[in-house]
Every structure is written in C-alpha cells, then in structure tokens.
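Visitor: need a 3D model of the sequence below.
(3 chains)
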Amino acid sequence: MTPAHLAFLILALPLATGAVIAVFLRRCGGLAAILSTAAAAFVCGGAFWLALSGSRFEIAKEWLSLGGLTVGFGFAFDDLAALMLVIVGIVGLCVHVFSLGYMHDDPSKARYFGGLSVFLTSMIGIVLADNLFMMFIFWELVGFSSWLLINHWHERPAAAAAAKKAFITNRVGDFGFLLGILMCYWTRGTVQLGDLAAQASSGYAVYTRAIPLLLFCGAVGKSAQLPLQVWLPDAMEGPTPVSALIHAATMVAAGIYMLCRIEPVMVPDALTVIMWVGTATALYAALCALVQRDIKRVLAYSTLSQLGYMVAAFGLGSLEPANGELVTSGVGAAMFHLTTHAFFKALLFLGSGAVIHGCAGEQDIFKMGGLSAKMRLTFATFTIGVAAIIGLPFLAGFFSKDAILYLAYTNNRPVFCVLAFTAGLTSFYMIRLWRLTFLGTARSEAAAHAHEGGPSLVLPLVVLAVLSVVGGYTGLYPKAFAHILELIPEAAGPARGVIVATSLTVLAVGAGLACLLYRANAVPATAGEDPTVLDPFQVKLPGLFGALVALQRSFDVLYQYYIDKIQQRFAMLLNFIDIIGLAGLVVRGLAGVVGLVGLGARAVHVGRVNAYVYWFLAGMVLLWAFAAGLL
Amino acid sequence: MNHLLFSFFACLTGIAALGVILSRNTVNAAMCLLLCLGGVAGLFVRLDAFLLAFLLLLVYAGAVIALFLFIIMLLDVRGQQRPSPRGLKQTAGLIAGAVLLAAVVGFIARLESQGGTAGSAPVGASLKLYADQLFTVYLLPVQVIGFLLLIAMLGAIALSRRTPPAA
Amino acid sequence: MITASLNAYLILSAVLFAIGFLGVLIRRNTLVIYMCLELMLVAATLALVAFSHYNRTIDGDVFVFFILTVAAAEVAVGLAIIVALFRQRQTIEVDQHDALKN
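Guide: Residues are numbered from 1 along each chain as shown, chains lettered A, B, ... in the order given. Presented below is the predicted three-dimensional model:
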C-alpha cells in the first residue's frame, strides 16, 4: 500500500462510515458510535504513520473536464499537510472517545456520530487538497457537517437558529472565496497550489491584491473573523464535543490552514489588511469574553480571540521584511499557534463538557463553584489548559504566543501593543472562568452533587493535557515536521527580554485583577438561586460592563437591522415582481395572447360556403397581384 | 357575317348566363344554362371545333343538365326566397365580381392582340386528328380519366346508398 | 357588331367566368351554385378552344375532352352529395349548412 493509497483510505473511510450509518444504522446508536470511533482511530493512526514515515507526495487526477475548465482531484502531502493531518487525527480521536461517554444517553446518537464522520472526512479533504476547487468542495462539506452537528438537538429553536446562522454566515464568506478562486483561475489559468507557487516565484502582477483578499474572505467566514464572527458564539448550542472538535480545533482552523496554503499569492498590501482584521478580532473577542456567564460562550470568545492571533500572525509576515518584494508570511508562527491552540482549546472545551455533564447540564458559571474537590482530574487538566492559554511559562501557549508577539514587535509596534493588551485580557477572563467554576463554594444544587465522569470522559482530557504541556517544545517534535518548524520565529537578543517581560507582566496584571475581583466571597453563595445577584465586575464598574455588553450585541443588532429593513424589503419587492410581472404578465400574458389569437382564428370560420368563397377570392387576388408584380 | 354571328352568339351566352344567376326559379336557371350552352356550342362551331360543339351539346346539355333537372325535381324544394340576399351581401358580391372581371380583363388587355380572322385551313376538323393525339400524346391522361370515371361512379353509388338498418 | 378576334373571345370567357363567380357568391340555393360552377367550367373551355384555334394547335381542343369528362364525373358525384345532404338536413340552402361554424 503506497502512501497515496493510505491517504485516500484515510479520506474515504470516514465517508464510508458516515454513509453506512446514514443508510443502515439509524436506530443502532451504539454500533454507530463504535464504527465511527474505529474510523477515527484508523485516521489517527494512519495520519501518524504517514507523517512520521517521512513520505511526502503529490498526486493529481483529472476529475471533471468542461471545455477549458478542468477540476482535478489530488493530494498534496507536504509537511504542512502532515502536521495538520496529525492534529486533526489526534483531536478527532479524543473527541470521538469523549463523545462515547458524553452522548451515551442521547436518543439520536447515530445521527451525531454520522455527522462526526462526515465532518472528519471533509476536514481531511481540505487538508489534503492540492487545488482550490477541491478545497472549496470540501470547504462547503465542512460547513454542511457543522450545520448538521450544531443542529443536533433540533427540537430547540435556539439550536436550529444557530445552525442556520452559522451556515449562512459561512456562505457569505464562501461567496468571496469562490470569487477569489474564479478570479485566480481567470487571471492565472490554474488553481493548482503547486502551479501558483511556481508562478509567484516568477513574478506575476495582475490583480495581485484582489485575489488574496477575496480568498481571505473564505477564511473570514470559516474562521469567524470580524465582521463574520457572529456565528461562533451561537454555535455553542451544539453538543460540547462538537464545539471542541469543530469550533475550537479543526474547522475554524481550516481558515488559517487555507491561508497558509495560498501563501504564494500573498502581497504586502493584502497581508496588512489581514493583519489588522486579525488584530481587531482578537481585541473585540477578548472584550466580549469579559462579560459572559455561560462557560461555553467564554471559551467561544476565547477561541475567536486566539483565531485573531493566528490571523494576525499570518499577516505580520516574516522577520525581515523585504523591500517591495514578496514577503514570506507568518506561516510558521500561525501554524505553531494553531497546533498548540488545538490542543489546549480542545482540552478546555472537553473539560467544560465534563463539568457540564457533572453538573447535570448546568452551563452558567455563576451557578457552579467548588468543583475542585468534587472533580479532581477534570480540575487538574482544566487548570493545565487555562495555564497554557494565558501563556504561563514552560507550557505550550507560552512559546507560541511569544513567537507571535516577537513577530509583532519587530514588524509593527501598534499591533504589538494591541496584542499584548489582548493577552492581558485573555489572562483576566480565563482566570475569572477558572475561579468561578472550580474554586469557592458550590452555588447550586447541581454543583453540590457534581461527580467525575467515566473513563471515556477523562482519558481524552489527560491526553490533551499532556500535549498542552509538551506541545510547545519544538525540539520534541518528530523530524518529519522540520520544514514547518524552522519557519517559527525565535526571539533573539534584547528583543527576547522585552517579549518575555511583556508577556509575563500582562499575564500577572490580568490574573491579579481577576483574583482581586472574584475573591472567594465576592460572589455570594446564593447566586445560584437568586437571579438578581450581579457579577462583581458589573457591580464595581457598571459603565464599563454595560459598554462591553453593548459591544458584544452590536454586531447582531446591526445584522438584524440590515435583514429586517433592507433585505426583507428587497425580498418583498422581488416577490412582487415575480407574482405580477413574471407569473402574471409574462406567463399568463403570453398564454392570453395565444388564446386571443386562437379566438380570432376561430371567428373566421363562419360555416357558410359563401364566406369561404370570399376568402378564396381574396387569396386569388393576392396571388394575382403578386404575379403581376404589384406586390 | 362572321362577326354578326359572333356577336349574336356572344350576347346570347351572356344574357343566358345572367339569367342563370338571377332567375328565381331553379328550373328556370337550369333552362338558362341550357341556352347558355347552346350559345357556346355556336361559338365553338364558329371556331371550327365541330366535334367539340357536338360533344358539348351531347354530354353537357344532354346528360349534365338533364341530371340537374332530375335532381331539382327530386328534391322538390318549395318556398324559394328572393334569389339575391340583403343589401350588404349583394353589394359585396357585385364588388367581388367586378374585381375579378377587372383583374382578368386587365390581364388579357396586356396580351398582344392577335387581331385578324382565322384564315387558312381549320386545324381541328376531323375526328382522326383528335384520336391520333388522344391515344399517343395524351394517352396517360386518358387512362387517368378512365380511372376517374370509375371512381366517380363508385362514389356516386356509395353516396346514394341508404345506410342499412342493421349496420 | 363586335369583331371576332382572340381578345374578344377571351373577354367573353372572362365575363362568363365572372358571372359564374358572382353567382357562387350571391346565390344561396346549392343547386344553382353548382350550375354556376359549371358555367365557370364552360368559360374555361371556351377560352381553351379560342386559343387552340388562333394558335393553330390541337392541344386546346383535346383538353376540352378531358374537361368535359371531368365535369360530367364531378356533376355526378356532387349531385349525389347534395342529395345525401338534403336527406340529412332537409334543406339545400347554403346558409343552413353551417355546422362547421366556430
């Protein structure tokens, strides 16, 4: 079995599993779960084998040929793809195992696992794709499976609305993506990634700014950057393992991965735009996370913020910007942070899933508390995750975040300041979350009776915790990923000291503020039952709190206004045109004209022979005139 | 003398034709037609087509008109209204006829007038000449006419059968 | 006194034809209409014979044979149809036979 065959098998097996579940195993939830998890295990093992065996290949096959357009189907398995595939495999397997326990009592388990399998195959398709068309196809599939999974509890209107919102927002981004692909094909004649790289090195100069920005639109939609970030917080309506897999580690990271893939078409102007979009997203999301009550929403905004970091890292470019020439963008920094983020964010989400499961479905952190004693292992792993995300030294997040900060420091000081400030905010809200959830006393019945989950819930947490600790030490990574790893910027010289000092300072300030504000007795024990008890933040700084809440709601309000006032009116106008104009005038009008002509022809038949003779004479006269040359 | 004969027969034919279309009684119309045919036969004689004149009288006047009269008597229609219909139709018909006449006469008037009399030996005088043409040059039409007569006979028989009661 | 030239014969034929046509347009009795049809045929015959005489050919004359035969056959069949129609409708007014109206 050649590596190419193995790659194809990795792609096809979850798809086959999903199909089998959809057709045969609708009622057999247990069997579907086992089948799906087995497929995920195969994917993980295969990914490891492919990555570590050092085989890198590119194969392409022509799939669809329409005139001059050729849509190919191929795999481009280089180091970047290998790294991403391993991440997808590990996180996918952890989530599958976690779901075995978490969704054990769910009545429609089979649909859930089928959706997970379809998602896995779509994600692998994006990772392995070697041309933009194929990537786009799997891109849409990923969006579809995301809708399917968010919509799992479709009886709840909130879930259905959230799934719809996610899909539509993604669609808006995908529209830009498709335009970018079409423009790329039209101006450059190819959408093969390898060809694009070759063209870039030979210096291509048409529509250089429009194409990368349009392609970036796809990343804006999929990775929930400003202004299309509104779907990610709402997507928390889906089951928690889904949030862990899709909305933390893999699907939203697909946007970053795609950016790294299309790196050859980037130009400095586009990179600047990308950088600022990412920075703004990071700041906005961190601000919104400060005032959330739902544990998953805090993590969702945190994901948004970290994605902003990754996008900004990509946009910041290389260490020594070349003058006027194409710069190598921050692929290394972005991918490094993507890797570490995948591990600790998945850990945090699965941990929150364990917490929710333990508290029998409670998601409001003001109703939790005191879980550190009741759920020891979850507490330990969650703490490691929190420490990683805020950048505690020697954990994974520290190294990756510092790489990004170093990149910002050398390239763009304002961005550096914003990102550092955002790191402080991250520290604040994560510590806030940690304290309210686990420390203190139990603030509700559910929290008082919390219990540790079974082994299937705990084992993935442990695995991910270990990875969060060691994931930052690039030396530990197998040699197989060397090409990517050597792109990671490593701080050197005086800048190193500045970076470390900055990151430690903001971490301490943020954590200190959080500890101060959320002291052990700051939130009374009655907060669980008494809804009038406010967040201490709100009590101390009501103006700021109100402003942040308004900030969070602003986008939704804006979009709702647009939909209600502009889009609905336009839709009604089109409806009117359709009913009156098209159906009425054109369709029935034409039929009416035909009917009139028929009536007219009918009236000529009077039935009397004499009349017909007159017609005969008229015809004869006409022919005569014609023959005589009068006509 | 020739011209006198021509004028006489021409007027006879014209007036008889008018009589056909204007007479109230159907039998009168048939008789006028007979007279018209007689005039035409005279004209044929003047054109040296003696055989044809004879044939015309024999076949047309003898058989066809007779058949008409039989049917008129058979159908025995009573209560004839006035022959010419109301004002508008009459005018329209007159205009139509006038148009037709004008068209044809206009056509004819453009022809070079052949003028003069017949002159030399009459061409179509003997039966032998006709027979010669009919059975050599026009053999195919003769055969087709034979078929046509057969079919007409069959058609007439089929049409005049009363439908059998047990069909 | 009308000069007996070819034109005269042709004009006479045209007049006969027009009269016959007029009769078809005006009269409502089916039998009279039929007689006017015969009149038109006779007019055509006259024209043919006139042509054949003045062009010194025999073809026009020979054609008259065919016209006579066809006219005879046509009258036979046509009258049979009229009789059958009379049996159905009890009338031979053309105005009454308008079953194909509209």
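Visitor: and the closest residue to C:Ile26 other than its chain neighbours, what does it touch?
Guide: Spatial nearest neighbour of C:Ile26, excluding adjacent residues (CB to CB, 6 or more residues apart in numbering or on different chains): B:Gly93 at 4.4 Å. For glycine as for every other residue, the C-beta is placed from the backbone atoms N, C-alpha and C. Residues counted as contacts of B:Gly93 (CB atoms under 8 Å, 6 or more residues apart in numbering or on different chains) are C:Leu22, C:Leu25, C:Ile26.
Visitor: the first one: which element?
Guide: The secondary structure element spanning C:Leu22 is helix C:6-26 (assigned by DSSP states H and E).
Visitor: circling back: any of the contacts of B:Gly93 buried? List them.
Guide: C:Leu22, C:Leu25, C:Ile26 (16 or more other CB atoms under 10 Å in any protein chain shown).
Visitor: tell me the one of the residues you listed nearest A:Ser503?
Guide: C:Leu25 (111.0 Å; CB to CB).
Visitor: that closest one contacts B:Ala96, correct?
Guide: Yes - if you go by CB atoms under 8 Å, C:Leu25 and B:Ala96 touch, sitting 5.7 Å apart.
Visitor: spit out the residues that contact these two alike.
Guide: When CB under 8 Å, 6+ apart defines a contact, the residues bordering C:Leu25 and B:Ala96 alike are A:Tyr614, A:Leu617.
Visitor: reformat the buried ones among the contacts of B:Gly93 as TSV; add distance to B:Leu140 and pLDDT.
Guide: Below are the buried ones among the contacts of B:Gly93 laid out as TSV (distance: CB to CB, whole Å; pLDDT from 0 to 100):
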residue	distance to B:Leu140	pLDDT
C:Leu22	36	86
C:Leu25	36	83
C:Ile26	39	81
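Visitor: how about the residues of chain C by chain A?
Guide: Taking CB under 8 Å from any CB of the partner chain as the criterion, chain C approaches chain A at residues C:21, C:24-26, C:28, C:33, C:94-95, C:97-102.
Visitor: the same query, at a cut-off of 10 Å, please.
Guide: Chain C comes close to chain A at residues C:21, C:24-28, C:30, C:33, C:93-102, as judged by CB under 10 Å from any CB of the partner chain.
Visitor: now the angle between helix C:6-26 and the biggest helix by length in chain B, please.
Guide: In chain B, assigned by DSSP state H, the helix with the most residues is helix B:87-110. Taking axes from the mean of the first three to the mean of the last three CA atoms, to 10 degrees, one finds helix B:87-110 and helix C:6-26 inclined to each other by 160 degrees.
Visitor: list the buried ones in the very next helix or strand once past helix B:87-110?
Guide: From helix B:87-110 onward toward the C-terminus, using DSSP H and E, the following helix or strand is helix B:127-136. Within helix B:127-136, the residues scored as buried using 16+ other CB under 10 Å are B:Tyr130, B:Gln133, B:Leu134.
Visitor: about what we covered before: tabulate the contacts of B:Gly93 in JSON lines, adding columns for distance to A:Ala12.
Guide: Formatted as JSON lines, those follow (distance: CB to CB, whole Å):
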{"residue": "C:Leu22", "distance to A:Ala12": "90"}
{"residue": "C:Leu25", "distance to A:Ala12": "85"}
{"residue": "C:Ile26", "distance to A:Ala12": "90"}
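Visitor: related to what we said a few turns ago, separation between the residue nearest to C:Ile26 and B:Leu56?
Guide: Going from B:Gly93 to B:Leu56 by CB to CB, to the nearest Å gives 28 Å.
Visitor: just A:Asp578 next, same as before
Guide: Taking CB to CB, one finds A:Asp578 at 75 Å from B:Leu56.
Visitor: tell me which of the two has more neighbours.
Guide: B:Leu56 (24 against 11; other CB atoms under 10 Å in any protein chain shown).
Visitor: quick one: terminal-to-terminal distance for stretch A:573-585?
Guide: 16 Å (CA to CA, to the nearest Å).
Visitor: A:Asn131 bridge partners, please.
Guide: Per DSSP bridges, the residues bridged to A:Asn131 are A:Gln192.
Visitor: and it, what pLDDT?
Guide: Listed pLDDT for A:Asn131 reads 86.
Visitor: which parts of the stretch 501-631 of chain A sit against chain C?
Guide: A:599, A:602-614, A:616-617, A:620.
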